[in-house]
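K.L.:
Give me the fold of what follows.
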Amino acid sequence: MNGCFLLILLFLPIFSVYPLEWVQTDWSGGGGEFYWGDSTKYYSSTLNGWRNPGILTLDTPSDKWEVMGDPDGAKNIWVLLEFVGNIYAGVDNYPTTGTGRVLFSNDNGHNWTAGGALGSSNFVHALLEYNDVIYAGTDGNVYKSSDAGTTWTQTGSLSGVTRVDALALRNDTIFAGTGTGGDVFKSGNCMNWTNTGELTDATIIWDLLVGFDGTMYAAGTKNNTSSCIFRSTDGGGTWVDLGFSHDVVCYALAQAADSTIYAGIGVDSGYVYKSTDGGDTWIVTSDLGSGLSKANIVYSIIIADDGSIYAGTLAGTGAGRVFKSKDGGNSWSGISLGNAHIYSLLQSDEGFIYAGQDRIMTNPISRTAYDSTGYLNSSVYDTEIDTVKYGIIHWDADLHGCNITVGVQADTSNWFWPEPETIEVMNNTQLPEALNDKRYVRYIFEVYSSSADSSPVIDEISIGYSPGGSGIGVDEFSDIYLYTPVPNPFTHSTTIRYINPRSEPLSIDVYDICGRLIRNLINGFDREGCIKWKGQDKLGRRLPPGVYFVRLDIEERSIGKKVIFLGQ
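P.N.:
Residues are numbered from 1 along each chain as shown. Alright, predicted model coming up:
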């Protein structure tokens, strides 16, 4: 108990000049909160506050898609992966060799470069990143690359395997879903692979899912006549057939934040099923489209950061459609991307949804795009001081070449009617005296971007104030920033950015929910940069899922950020 009380002291920022502050660091609660009763909400917005808690960006609407650059003539994009800001695509029929390759793009999909050969593989159906190594599942083997896909080496032999269609990570063990025997193999070092055990009558395992609690699910087909899903609660030691037998193949599995599991099936008719009890029972969601646009096959499913479900399909007219549901599958809306099959989906850290397809009418990769403008009107905040004096306004934002305009309104009434004047302000400046003696305040963001690839990332806004007297001076530490880790929540690794233009040494540490030191990340004179944390303690052991805190210390100043580790 004492340790958890200590957490309050550990993460209370030390401000030398802000007696009081209104701070907002999370807009994930959504709109409609006129008064500031919930610190994650706001009044109205066209920006995206749901992508990750602590990040506000322009929106990437699901009905706004762009065809990306030609992936070097590749025919089918079977799988997509993001790693250190690059997008990777597993393909077949690479034109210059007729073999499978892994391509990558470092400019959000506009241009693509082919990596090295993966032996004589004909296709790449699965990709996985772990400990800065990329793994690729091909026809019969798993390859790995330690240089971001430039060169590949074959891992150990998978006995009797003709195809590897799925890769997954549980703790420090990699699992491979295979065919034609329908087995799941595992390896702790990728030098030796072990068959985990019998999945009765399975012929191909198309997808693997590791649930938040470590439970594993293997989906595929039995004897090419019926779909199947198996479950293992002991890391693949034993598998239980869940009796899932809808249509011919189960191609895709995904788990939502509320632990609901979604399964995509097809051949005769494409549906998404869901289970809220760990796979014991399944119910079908509503139809994906109707008439000539109804789905025949659901190849891929992802859960976006805002909780929406995306399904990549083959529709009835032979057109690939991406369907989206905001209500757990009770209703779906779809959009055609021009080609026939949507084999793979990916949401990047920047919020884009990528769709890997076949090459029929257009290049086989499409992507959502940022809106060009957006706004956010905050809730009204009550300082509870009629003679309030406002101080410094500060916001943390990476502009990425975009523009942000910030305005502030204040009033003696919480009705804000008639609407008071909006005063445009600059970052890290004293708020105008015209706002003083008005206890109710709110801010307005207006965001502009000239590129569908770019959005500012807003991390935090704060307004200092005091109960009467003179205004509040500039915080002598306002030039020191600790940005919210991205992504957040995370499963494998998160990146922490910081700025320290001073000559004093700083430290960045990770603490658990009770204030115990977990790991020191930086201790020295670094002025600016990024550091990656992989959810490990100081001995390199993976930590259990949960809430952790990243804290920057410099002299008497401390800045803390919350991060959620989902584990794997």
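
K.L.:
shaky segments in the stretch 51-200 of the chain?
P.N.:
51-54, 96-97 (pLDDT under 70).

K.L.:
Okay, strands next: where are they in it?
P.N.:
55-57, 65-67, 76-83, 86-94, 99-105, 113-114, 124-130, 133-138, 142-145, 153-154, 163-170, 173-179, 184-187, 194-195 (DSSP state E, counting those that start in this stretch).

K.L.:
I'd like to know how far the closest residue in space to residue 215 that isn't next to it in sequence sits from residue 170.
P.N.:
In space, residue 215 comes closest to residue 233 once its chain neighbours are excluded; the distance is 5.3 Å by Cβ to Cβ, 6 or more residues apart in numbering. All C-beta spots, glycine's among them, are computed from the backbone N, C-alpha and C. Residue 233 sits 11 Å away from residue 170, going by Cβ to Cβ, to the nearest Å.

K.L.:
any common contacting residues for the two?
P.N.:
In terms of Cβ atoms under 8 Å, 6 or more residues apart in numbering, residue 233 and residue 170 are both contacted by the residues 214, 216.

K.L.:
Quick check: the gap between the residue nearest to residue 75 when sequence neighbours are not counted and residue 541.
P.N.:
Of all residues not flanking residue 75 in the chain, residue 93 sits nearest, at 3.9 Å (Cβ to Cβ, 6+ apart). In this view, residue 93 and residue 541 are 43 Å apart by Cβ to Cβ.

K.L.:
Have a look at those two and say which one is more surrounded.
P.N.:
Counted by other Cβ atoms under 10 Å, residue 93 and residue 541 do not tie: residue 93 has more neighbours, with 16 against 9.

K.L.:
From residue 80, how far out is that one?
P.N.:
17 Å.

K.L.:
ok, now residue 190?
P.N.:
For residue 190, the distance to residue 80 - Cβ to Cβ - is 22 Å.

K.L.:
Out of the two, name the residue with the larger neighbour count.
P.N.:
Under the criterion of other Cβ under 10 Å, the comparison of residue 190 against residue 80 puts residue 80 first, with 23 against 19.

K.L.:
Let me see the contact set for the closest residue to the more buried one other than its chain neighbours.
P.N.:
Nearest residue to residue 80, sequence neighbours excluded (Cβ to Cβ, 6+ apart): residue 346, at 3.8 Å. If you count contacts by Cβ under 8 Å, 6+ apart, residue 346 has them with 80-82, 87, 302, 353-354, 356.

K.L.:
what's the angle between the helix or strand hosting residue 301 and strand 76-83?
P.N.:
Using DSSP states H and E, the element containing residue 301 is strand 295-303. Here strand 295-303 runs at an angle of 10 degrees relative to strand 76-83 (axes from the mean of the first three to the mean of the last three Cα atoms, to 10 degrees).

K.L.:
Now the element after strand 295-303, going C-ward?
P.N.:
Heading C-terminal from strand 295-303 (DSSP H and E), you reach strand 309-315.

K.L.:
How about that next one, which residues are buried there?
P.N.:
309-315 (16 or more other Cβ atoms under 10 Å).

K.L.:
same question, stretch 61-77
P.N.:
Buried residues in stretch 61-77, counted by 16+ other Cβ under 10 Å: 62, 65, 67-68, 71-77.

K.L.:
Out of those residues, which two sit at the greatest distance?
P.N.:
Farthest pair in these (Cβ to Cβ) is 62 and 73. Separation: 28.2 Å.

K.L.:
for the residue nearest to residue 75, what are its contacts?
P.N.:
74-76.

K.L.:
and residue 365, what pLDDT?
P.N.:
We have a pLDDT of 95 for residue 365.

K.L.:
isn't it right up against residue 109?
P.N.:
Yes - between residue 365 and residue 109 there is a contact at 5.9 Å, judged by Cβ atoms under 8 Å.

K.L.:
Find residues that contact each of those two.
P.N.:
Contacts common to residue 365 and residue 109, judged by Cβ under 8 Å, 6+ apart, are 68-69, 354.

K.L.:
any idea which of the contacts of residue 93 is closest to residue 497?
P.N.:
residue 74 (33.9 Å).

K.L.:
Just give me the neighbour total for the closest residue to the closest one other than its chain neighbours.
P.N.:
Excluding its sequence neighbours, the residue lying closest to residue 74 (Cβ to Cβ, 6+ apart) is residue 91, at 3.7 Å. By the criterion of other Cβ under 10 Å, residue 91 has 29 neighbours.

K.L.:
Could you check how far residue 91 is from residue 147?
P.N.:
Separation of residue 91 from residue 147 (Cβ to Cβ): 19 Å.

K.L.:
now residue 291
P.N.:
Plainly put, residue 291 is 49 Å away from residue 147 if you go by Cβ to Cβ.

K.L.:
Please tell me how far the residue nearest to residue 80 sits from residue 307.
P.N.:
Counting by Cβ to Cβ - residue 346 and residue 307 are separated by 17 Å.

K.L.:
Same check on residue 216?
P.N.:
23 Å.

K.L.:
Comparing the two, which residue is more hemmed in?
P.N.:
Shown here are residue 216 and residue 307; by other Cβ under 10 Å, residue 216 has more neighbours (22 against 15).

K.L.:
How far away from the center of its chain is stretch 196-211?
P.N.:
26 Å (Cα atoms, centre = their mean, to the nearest Å).

K.L.:
Could you number the chain from 537 rather than 1 from now on?
P.N.:
Done: numbering now begins at 537, and the last item shifts to stretch 732-747.

K.L.:
measure it end to end?
P.N.:
Length of stretch 732-747, first residue to last, Cα to Cα, to the nearest Å: 18 Å.

K.L.:
how about it: buried residues?
P.N.:
732, 735, 738-747.

K.L.:
Farthest-apart pair in the residues you listed, please.
P.N.:
Greatest spatial distance among the buried residues of stretch 732-747 (Cβ to Cβ): 739 and 747, at 23.9 Å.

K.L.:
pLDDT weak spots in the stretch 937-1086 of the chain?
P.N.:
Scanning the stretch 937-1086 of the chain for pLDDT under 70 picks out the ranges 1004-1015, 1038-1039, 1062-1064.

K.L.:
Could I get the full set of strands for it?
P.N.:
Here the stretch 937-1086 of the chain has its strands, by DSSP E, counting those that start in this stretch, at 939-947, 959-961, 965-966, 976-984, 993-1002, 1017-1018, 1030-1035, 1042-1047, 1053-1060, 1064-1069, 1082-1090.

K.L.:
now these in CSV, with distance to residue 812 and mean neighbour count?
P.N.:
Listed next are these as CSV, based on distance: least, Cβ to Cβ, whole Å; neighbours: other Cβ atoms under 10 Å:
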stretch, distance to residue 812, mean neighbour count
strand 939-947, 41, 18
strand 959-961, 47, 15
strand 965-966, 50, 14
strand 976-984, 37, 21
strand 993-1002, 34, 23
strand 1017-1018, 38, 22
strand 1030-1035, 28, 20
strand 1042-1047, 33, 20
strand 1053-1060, 33, 14
strand 1064-1069, 32, 13
strand 1082-1090, 23, 19
